[in-house]
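>>> coordinates only, no sequence provided:
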C-alpha cells in the first residue's frame, strides 16, 4: 500500500527539522471554486497540509467565525459530494498536499461510512477529523477508513488524562490533534500556560506527530507553540480574513501572504 501523504509529509518535516503548518478552510465559503483556488495558493505559499471543513448546520466545536462560514457555505449549496469532487479536481491540478476533511459525524453517517471512505480515498482525501465521534464509538468508521488507507485523526483535550491519551493515540493515524484550550474554536490573545507540560505528557504516551490547534491566530503565536509540537493548525484567523475580504480582488493574494507568514513562523 502506498504511504499516506500525511505520514510522508511529517516524516519529511522531521528529517528537515521543520514543523508543519496546517491551514483550515471551510469548504464552499463562499463557494467551492474559491476554496479550490485558496488551497492551490496555500500550497504555493508553503502550507504543509490542509484541513478542509465540511459545513454543518450545528457545528458544536466551532466558534462564531467558523459557524458563520458554515452558514455561508450551506447557503451556497455546498455538499459532501461536491467537496469530494473539488478534491478530485485539485488532484488533477497536481495538488500534492495532504488533504484532510474535518466533518461532524452526521454528514458522513448519512453518506454511509463504507461508501464515504471509498469515495473520499478515490477523490484524493488523506485523512478524517471527526470532532464529535469519540474513539469508543468510531470502530465502523475506523475500519472503513483503514481499508482505503484513510487516516483517522482524533482530538485530545487539555483535560485528557494519560489513560485517555492512550485510548485516543491507539485509534489515531497520521497525527494527533491537540486542542490547546478549553472551549470552541476562535481567535485568542494568548496561548495556554500549560501547553508545553500537556504536550510533554502526551509525548510520553505516543510517538505520533502532535499538531496543536484552537486559538492560534498570528505568526507570533505560532512561534510561541513549544517545539514539542510537530505542527500548528490555524483556522479562525484565516476564515476571518476571508470573511473580511470577500469579493475583493486581492483576497487570494492577502490570504496567501498570511499563510506564508505563518509558515515562516514555524521555522523559527
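Received, thanks. In this text the structure is predicted, and so the values were computed from the model without any measurement.

>>> ok now stretch 203-215, how far from the chain's centre?
Put simply, stretch 203-215 sits 13 Å off its chain's centre (CA atoms, centre = their mean, to the nearest Å).

>>> contacts for that stretch next, please.
For stretch 203-215, the surrounding residues in contact (CB atoms under 8 Å, 6 or more residues apart in numbering) are 10, 14, 20, 22, 24, 162, 165-166, 169, 172-181, 183-188, 191, 195, 199, 202, 221, 225, 228-236. To be clear about C-beta, it is placed using only N, CA and C from the backbone, and glycine gets the same treatment.

>>> what are the buried residues along stretch 100-115?
Buried residues in stretch 100-115, defined by neighbour count with 16 or more other CB atoms under 10 Å: 100-105, 107-108, 111, 113.

>>> what do you get for stretch 245-263?
Neighbour-count burial for stretch 245-263 [16+ other CB under 10 Å]: 251-252, 255-256, 258-260, 262-263.

>>> out of the buried residues of stretch 100-115, which sit inside strands?
100-102 (DSSP state E).

>>> between those, which is nearest residue 71?
For those, the closest approach to residue 71 (CB to CB) belongs to residue 102, at 16.3 Å.

>>> quick check: the closest one touching residue 56?
No: with contact defined as CB atoms under 8 Å, residue 102 and residue 56 do not form a contacting pair (9.8 Å).

>>> ok, and what's touching the helix or strand harbouring residue 91?
Assigned by DSSP states H and E, residue 91 belongs to helix 80-92. For helix 80-92, the external contacting residues (CB under 8 Å, 6+ apart) are 27-28, 32, 35-36, 39-40, 52, 54, 99, 101, 103, 107-108, 111, 116, 119-120, 122-125.

>>> what stretches of the stretch 101-250 of the chain score poorly on pLDDT?
In the prediction, the stretch 101-250 of the chain carries residues with pLDDT under 70 at positions 181-190, 192.

>>> hey, where'd the strands end up in it?
127-129, 151-153, 155-156, 176-179, 210-213, 231-234 (DSSP state E, counting those that start in this stretch).

>>> same list (those) but as a markdown table, adding mean neighbour count.
Below are the strands of the stretch 101-250 of the chain laid out as a markdown table (neighbours: other CB atoms under 10 Å):
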| stretch | mean neighbour count |
| --- | --- |
| strand 127-129 | 26 |
| strand 151-153 | 23 |
| strand 155-156 | 22 |
| strand 176-179 | 24 |
| strand 210-213 | 25 |
| strand 231-234 | 26 |
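
>>> could you dump those to JSON lines with distance to residue 267?
Output for the strands of the stretch 101-250 of the chain, formatted as JSON lines (distance: least, CB to CB, whole Å):
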{"stretch": "strand 127-129", "distance to residue 267": "24"}
{"stretch": "strand 151-153", "distance to residue 267": "24"}
{"stretch": "strand 155-156", "distance to residue 267": "25"}
{"stretch": "strand 176-179", "distance to residue 267": "20"}
{"stretch": "strand 210-213", "distance to residue 267": "16"}
{"stretch": "strand 231-234", "distance to residue 267": "11"}
